[in-house]
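[1] Everything below, folded, please.
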Amino acid sequence: LMVFFLIPPFFLWNKISPLVFVAICCLLTLLNMQIEKSKIILFFSLIFFYLFVAYKDNTNFNGILSLFGICTLALNSDSFIKDVFKKYVWIYSITLIPSIISFLLVNTGVLKLPFSYIEALNPLKSYNYIHYPFFVQENKISEIVLPRFHAYYDEPGVVGTISGIILFVNRFNLKEKINIPIFIAGVLSFSFAFYVIMVIYVLLFLKMKYKNITSII
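    Numbering: from 1, shown residues only. A predicted model of the protein is given here:
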């Protein structure tokens, strides 16, 4: 649940500091910590990487604290991380269902749903967002021409990247119903990241017939 809030969804924008959820994650890490050489190396590697990114992007102090907190997740036991991942997939998938339905109803013109306007999560953005039940959409002309699925997040790339990573780990197994909303969300996001992850999976793991079809597409 803390991972879901960390993204964060639109109903938490500019209302609760992500440091609250990072702090809870750090506490859970302390309770499920597994000290191993490989985990310590990963922990410090992430710190150096994120410090470089933070310096390059002129990240503020709160942002740097968040990054340090996220790095501590690398110290969790393997069993705890796997358990969190499985439960996060369920939360992510189930919350996508009403979001996908609302998105399709609005953007196919089948039903007019109530909406309001909310400010962007990133203050540097020059536009605001249209807030419909269960999803947001950028208030831009390009979204009218080609609406991209944002779900609860400020970028369709967030949906595409998360969906792609989850499906890659789960071997794009659409026989498991929990993966179906995640696949639909990735496709509707028109995210470059999602399609690249999907193509990489096909080229690495599927039979030659599917590789050829994917290459042609």
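[2] Could you list every helix and strand in contact with the helix ranked longest in the chain?
    Longest helix in the chain by number of residues (criterion: DSSP state H): helix 78-107. In terms of contacts (3 or more CB pairs under 8 Å, 6 or more residues apart in numbering; DSSP states H and E), helix 78-107 is packed against helix 2-6, strand 129-132, strand 135-138, helix 156-169, helix 180-188. No exception for glycine: its C-beta is placed from N, CA and C like everyone else's.
[3] repeat that with 7 Å
    If you count contacts as 3 or more CB pairs under 7 Å, 6 or more residues apart in numbering; DSSP states H and E, helix 78-107 packs onto helix 2-6, strand 135-138, helix 180-188.
[4] Tell me where the model's unsure across this structure.
    Applying pLDDT under 70 to the chain flags no residue at all.
[5] Recalculate using a threshold of 90.
    6, 14, 17-37, 47, 49-78, 109-111, 121-126, 141-146, 199, 202-217 (pLDDT under 90).
[6] Can you tell me the SS state at T59?
    Look at T59: counting by DSSP: H, G, I helix; E, B strand; the rest coil, its state is coil.
[7] mind checking how far the residue lying closest to Y88 once chain neighbours are set aside is from G109?
    Distance criterion CB to CB, 6 or more residues apart in numbering; nearest residue to Y88, sequence neighbours excluded, is V3 at 5.0 Å. Going from V3 to G109 by CB to CB, to the nearest Å gives 35 Å.
[8] okay, which residue is most central for the protein?
    In the chain, the centroid-proximal residue (CA atoms, centre = their mean) is I162; its distance is 3.8 Å.
[9] hang on, the earlier thing: among the helices and strands packed on helix 78-107, which is nearest T72?
    helix 2-6 (12.5 Å; CB to CB).
[10] Would you mind pulling the contact partners of that closest one?
    Applying CB atoms under 7 Å, 6 or more residues apart in numbering, the contact partners of helix 2-6 are L12, P18, F21, I24, C25, V84, Y88, I91, Y92.
[11] In PyMOL, how would I select just the buried ones from these?
    A single PyMOL command is used to select the members of the contacts of helix 2-6 judged buried by 16 or more other CB atoms under 10 Å:
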select buried, resi 12+18+21+25+84+88+92
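[12] hmm, which two among the contacts of helix 2-6 are most spread apart?
    Using CB to CB, the two most remote members of the contacts of helix 2-6 are L12 and V84, lying 19.3 Å apart.
[13] So what are the sheet partners of the helix or strand just after the longest helix of the chain and their directions?
    Using DSSP states H and E, the next helix or strand after helix 78-107 towards the C-terminus is strand 116-118. Strand 116-118 has the following strand partners under DSSP bridges: strand 129-132 (antiparallel).
[14] Can you give me the buried ones in the strand it pairs with?
    Neighbour-count burial for strand 129-132 [16+ other CB under 10 Å]: Y129, I130, H131, Y132.
[15] What distance do you get for the nearest residue to S102 once chain neighbours are set aside to I101?
    Closest residue in space to S102, ignoring its immediate chain neighbours: F134 at 4.5 Å, by CB to CB, 6+ apart. Distance, F134 to I101, by CB to CB: 8 Å.
[16] Between those two, which is the more surrounded one?
    Neighbours were counted for F134 and for I101 using other CB atoms under 10 Å; F134 has more, 19 against 15.
[17] What values do phi and psi take at the more buried one?
    Per-residue torsions, F134: phi 80, psi 0 (degrees, to the nearest 10).
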